[in-house]
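A.B. asks: Mind folding the following:
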Amino acid sequence: GRPEAQRCCKSPSSWRRWSQGLDARCSPRSEQSTACNAQKGKLVKLPTEPLLMLVFRGLGSGWIAQVLLDMKSVGMTGEVEAFRKPLFQTFTMFVGMVAALLMHAAVRAFRLPFPGYDHDRVSQESFRSRVCLYLLLIVPAMLDLGATALCMYGLPYVDVSIYQMLRGAAIVFVALLKQFALGDRLKGYHWVGVFWNVVSIVIIGGVASLESSGDSPSTHDHDSGDKDSPMTGVILILLGALVQSLQYAFEEKVMSMENHAPPLLLIGMEGLWGTLVCAFVLYPVVYAIPGSDHGSYENPYNTYVLFCNSPEVMYTSVLYFFTIFFYNMFAILVTYLLSSVLRAILDNFRPVAVWIVDLVLFSITAGAFGERWTPWSWLQVAGMGVLLYGTAVYNAPGPTSVELRGRVVDCFLSFDYDDEIRTPLL
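C.D. replies: Have a look, this model is predicted:
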């Protein structure tokens with residue numbers, strides 16, 4: 001009824017009240033959540049903790065990944081080399097995700113309040129069904145592995161701000177999957193928002209090509225060789241965004257099943273499977289493939305030597321370990337509490353902070369890190385504006401909102417709230 005719906009729409013201040021209230025009443029899988037969110041055109045106050053942490057942790061993980069690729073150390077031959085080890089970063093990411101299994105065990109053992117866990121519910125799962133669930137989680141692990149590897153191999157070819165913006169393409173792919181695979185009907189203005197995201201991707205991809213054409217100063221004074229083939233990086237990152245969207249949609253499906261996987265278990269099992277595949281499948285493969293890393297595409301022994309010979313690389317890798325763990329945890333919480341599309345939307349807000357940090361770093365480190373302002377940066381600003389505009393269109397609040405009526409941002413398409421449940425971003 002209405003009193004219960006009003007209670008579930010409140011925003012508790014503490015983590016305990018927030019997690020208990022949302023998990024018990026405002027979970028997107030519950031009937032009362034439907035009543036809560038269907039208040040025709042009214043903005044629903046959603047918990048901001050996981051949303052903000054997803055943005056900031058995503059900013060940290062993306063920037064640290066680029067910094068690691070720009071670092072140098074002494075290799076196995078005694079020469080100074082760049083720490084260009086995309087597979088090592090992927091491996092570190094999965095090892096960091098395994099830590100979620102410890103949190104999952106602690107939440108279960110001490111009955112700690114956490115979204116996705118109902119300690120009062122008696123589990124009817126058999127041993128066989130649990131094993132099947134664990135095996136099923138190989139799928140998102142492999143999707144995560146593929147997406148991360150593609151993005152990591154594409155990152156050296158472009159600046160980190162362009163990398164972050166191109167990953168915004170995930171919203172396009174996720175929207176298509178939700179419409180045609182998950183059966184969630186999208187409205188006309190949703191597709192208008194998706195369209196503007198596509199436009200932003202075209203603009204930003206063009207900036208990456210123009211900045212390397214030689215008509216403007218390089219964005220980096222160091223290690224610019226990879227920047228000479230930016231379209232290679234653009235294609236790899238867009239492919240990574242496509243695979244990432246498959247992961248988002250699959251995770252949302254797994255967490256909405258009757259015998260669903262709790263968020264921490266989902267993260268931990270993805271990390272466990274990914275770690276095993278990296279260690280026993282991918283590393284032997286990339287070692288056997290001929291390449292420029294001492295005869296291999298990526299030499300694990302040389303990676304170990306570079307890692308041990310540089311305290312800076314070691315400390316930065318540990319920092320990356322923690323940031324990627326918290327990023328994945330808050331990302332999966334957003335998918336559980338809201339949806340995979342909103343998770344993809346939130347990723348689009350990271351480029352703004354990433355670019356600002358890059359510009360500041362370039363000035364304070366004398367060009368050692370970060371990104372320089374170039375004549376084409378104005379075009380990148382335009383692309384970023386279109387990106388945020390498309391996000392606003394997709395997530396436009398209801399027509400009763402004082403701040404945004406919705407008629408302009410959706411290109412005057414109709415807001416049909418009689419048969420739709422809207423869940424605004426904030």
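
A.B. asks: how far away is P115 from A382?
C.D. replies: 38 Å (Cβ to Cβ, to the nearest Å). C-beta: built from backbone N, CA, C; applies to glycine.

A.B. asks: before we move on, what about P290?
C.D. replies: Distance from P290 to A382, by Cβ to Cβ: 42 Å.

A.B. asks: out of the two, which sits in the more crowded spot?
C.D. replies: The neighbour comparison of P290 against A382 (other Cβ atoms under 10 Å) goes to A382, with 14 against 8.

A.B. asks: The more buried one: what's its closest spatial neighbour, skipping adjacent residues?
C.D. replies: I203 (6.3 Å; Cβ to Cβ, 6 or more residues apart in numbering).

A.B. asks: Just the pLDDT for P399.
C.D. replies: On pLDDT, P399 comes in at 39.

A.B. asks: Run a quick neighbour tally on S310.
C.D. replies: S310 has 18 nearby residues by other Cβ under 10 Å.

A.B. asks: Please give me every residue in contact with it.
C.D. replies: By Cβ atoms under 8 Å, 6 or more residues apart in numbering, the residues touching S310 are 71-74, 83.

A.B. asks: quick one: which of those residues is most hemmed in?
C.D. replies: F83 (22 neighbours).

A.B. asks: Was I right to think that one contacts V74?
C.D. replies: No. Using Cβ atoms under 8 Å, F83 is not in contact with V74, being 10.7 Å away.

A.B. asks: Common neighbours of the two, please.
C.D. replies: Common neighbours of F83 and V74 (Cβ under 8 Å, 6+ apart) are 306, 310.

A.B. asks: and the host helix or strand of N328, what does it pack onto?
C.D. replies: Using DSSP states H and E, N328 falls within helix 311-337. Where contact means 3 or more Cβ pairs under 8 Å, 6 or more residues apart in numbering; DSSP states H and E, helix 311-337 is packed against helix 49-70, helix 86-110, helix 230-255, helix 263-277, helix 300-308, helix 340-347.

A.B. asks: got the CA coordinates for the fifth one in PDB?
C.D. replies: Written as PDB, here are the backbone C-alpha positions of helix 300-308 (Å, rounded to 0.1, in the frame of the first residue of the first chain):
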ATOM      1  CA  PRO A 300      55.700 -13.200 -17.300                       C
ATOM      2  CA  TYR A 301      59.300 -13.600 -16.000                       C
ATOM      3  CA  ASN A 302      60.200 -10.200 -17.300                       C
ATOM      4  CA  THR A 303      57.000  -8.800 -15.800                       C
ATOM      5  CA  TYR A 304      58.100 -10.200 -12.400                       C
ATOM      6  CA  VAL A 305      61.600  -8.700 -12.800                       C
ATOM      7  CA  LEU A 306      60.200  -5.300 -13.700                       C
ATOM      8  CA  PHE A 307      57.800  -5.500 -10.800                       C
ATOM      9  CA  CYS A 308      60.500  -6.400  -8.200                       C
END
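
A.B. asks: pLDDT weak spots in the stretch 201-350 of the chain?
C.D. replies: Along the stretch 201-350 of the chain, the parts satisfying pLDDT under 70 run over 205, 208-209, 211-228, 258-259, 333-350.

A.B. asks: Swap in 80 and give it another go.
C.D. replies: Scanning the stretch 201-350 of the chain for pLDDT under 80 picks out the ranges 201-202, 204-229, 248, 251-261, 326-350.

A.B. asks: where does the stretch 1-150 of the chain have low pLDDT?
C.D. replies: Using pLDDT under 80, the stretch 1-150 of the chain drops low at 1-67, 69-70, 113-127.

A.B. asks: Convert the C-alpha atoms of the host helix or strand of the residue nearest to A382 to CSV, please.
C.D. replies: Secondary structure assigned from DSSP H and E places I203 in helix 188-211. C-alpha atoms of helix 188-211 as CSV (Å, rounded to 0.1, in the frame of the first residue of the first chain):
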residue,chain,number,x,y,z
GLY,A,188,11.5,6.7,-27.4
TYR,A,189,13.5,9.2,-25.4
HIS,A,190,15.8,6.3,-24.2
TRP,A,191,16.8,5.8,-27.8
VAL,A,192,17.3,9.5,-28.3
GLY,A,193,19.7,9.4,-25.4
VAL,A,194,21.5,6.4,-26.9
PHE,A,195,21.7,8.2,-30.3
TRP,A,196,23.5,11.2,-28.7
ASN,A,197,25.9,8.8,-27.0
VAL,A,198,26.7,7.4,-30.4
VAL,A,199,27.3,10.9,-31.7
SER,A,200,29.7,11.6,-28.8
ILE,A,201,31.6,8.4,-29.6
VAL,A,202,32.1,9.5,-33.2
ILE,A,203,33.4,12.9,-32.1
ILE,A,204,35.7,11.6,-29.5
GLY,A,205,37.1,8.9,-31.9
GLY,A,206,37.7,11.7,-34.4
VAL,A,207,39.7,13.6,-31.8
ALA,A,208,41.9,10.6,-31.2
SER,A,209,42.7,10.4,-34.9
LEU,A,210,43.2,14.2,-35.4
GLU,A,211,45.6,14.5,-32.4
